[in-house]
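Undergrad: output the structure for:
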Amino acid sequence: MRSQTIEQLEVLVPTRDQLHDLLNNAESALRQVAMVQRSAGIMVTRHHPGRYTLSLNDTVPFGETWEQSLS
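TA: Residues are numbered from 1 along each chain as shown. Prediction:
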């Protein structure tokens with residue numbers, strides 16, 4: 001059986017009160033993957049209020065998290 005590696009997560013935030021917890025949990029999950037691969041950092045993209053994607057990105061230095069907003 002092959003294992004799958006998570007490289008991107010979508011976070012849908014139903015209420016502003018949950019924003020930080022949900023983003024922190026997603027970043028933590030990707031950080032664990034990044035620690036194994038040791039080749040990419042994490043890019044957090046805000047598509048609009050309530051929708052974010054977090055992905056491993058080789059243009060982001062390993063060990064760093066960058067943010068961008070498309071809205």
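
Undergrad: got the phi and psi for Met35?
TA: Main-chain dihedrals, Met35, degrees, to the nearest 10: phi -60, psi -30.

Undergrad: the helices in the protein, which residues?
TA: Along the chain, the segments classed as helices by DSSP state H run 19-37.

Undergrad: where does it have low pLDDT?
TA: By pLDDT under 70, the weakly predicted segments of the chain are 1-5.

Undergrad: for the most centrally placed residue in the chain, which residues are in contact?
TA: Centroid-nearest residue in the chain: Leu54, 2.4 Å away (criterion: Cα atoms, centre = their mean). Going by Cβ atoms under 8 Å, 6 or more residues apart in numbering, Leu54 touches 8-9, 11, 23, 26-27, 30, 42-45. No exception for glycine: its C-beta is placed from N, CA and C like everyone else's.

Undergrad: do that again at 7 Å, thanks
TA: Leu54 makes contact with 8-9, 11, 26-27, 30, 42, 44 under the criterion Cβ atoms under 7 Å, 6 or more residues apart in numbering.

Undergrad: quick check, nearest of those to Glu64?
TA: For these, the closest approach to Glu64 (Cβ to Cβ) belongs to Ile42, at 7.5 Å.

Undergrad: OK, contacts around that closest one?
TA: Neighbour list for Ile42: 27, 30-31, 34, 54, 56-57, 60, 65 [criterion: Cβ under 7 Å, 6+ apart].

Undergrad: please apply the same query to Ser71.
TA: Applying Cβ under 7 Å, 6+ apart to Ser71 gives the contacts 46-48.

Undergrad: buried ones only from the contacts of Leu54, please, as a ChimeraX command.
TA: In ChimeraX, this line selects whichever of those come out buried by 16 or more other Cβ atoms under 10 Å:
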select :9,11,26,27,30,42,44
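
Undergrad: turn the contacts of Leu54 into CSV, including distance to Gln18.
TA: Shown next, in CSV, are the contacts of Leu54 (distance: Cβ to Cβ, whole Å):
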residue, distance to Gln18
Gln8, 20
Leu9, 15
Val11, 9
Ala26, 12
Glu27, 14
Leu30, 18
Ile42, 19
Val44, 16
